[in-house]
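1. give me a model of this one.
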Amino acid sequence: MSGCIRIGKYTWEERLKRVFKDITQIILDYAPQAVVIEKIFVHKNVSSALKLGQIRGALMTAVALQELSIAEYTPRQVKKTVVGYGGAEKNQVQHMMRSLLKLDGLPQTDAADALALAVCHSQMSLLGIPI
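-> Coordinates of the predicted model:
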């Protein structure tokens, strides 16, 4: 099972509030031991990076208030860990997640990315590699 928090039709303030509330509810429903997120990088669109940073702030505050740890990995770290090559394509990550987790079908790209983050964190934790 996977899902997505849809915030496109709301005002900016409502988006931040919705992310905060929805993440809090997900934590309460599923009781994770840790939360793993992708580190952001600025490529060309600084405005998008700033907005993403604000969304991440709402998410990270919700996580911190539930007293969970937050691990962050770059896309390159995740791809290197799960595929063996930091420059792997999205479809390679999907195929590897299907294979590693013995899934019936290919996960959607966003779900595959989330699963890859979880697998990466699991591997780093088992190896005792600091985050």
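2. all strands of the protein, in order?
-> 34-38, 69-73 (DSSP state E).
3. among those, which is the most enclosed?
-> Most buried of these, by mean neighbour count (mean count of other CB atoms under 10 Å): strand 34-38, with a mean of 18. All C-beta atoms are positioned from the backbone trio N, CA, C, and that covers glycine.
4. what angle do that strand and strand 69-73 make?
-> Orientation check (axes from the mean of the first three to the mean of the last three CA atoms, to 10 degrees): strand 34-38 against strand 69-73 gives 30 degrees.
5. partner strands of strand 34-38, parallel or antiparallel?
-> Here strand 34-38 is paired, per DSSP bridges, with strand 69-73 (parallel).
6. okay, now the unreliable bits of this protein?
-> Scanning the chain for pLDDT under 70 picks out 1, 42-43, 130-131.
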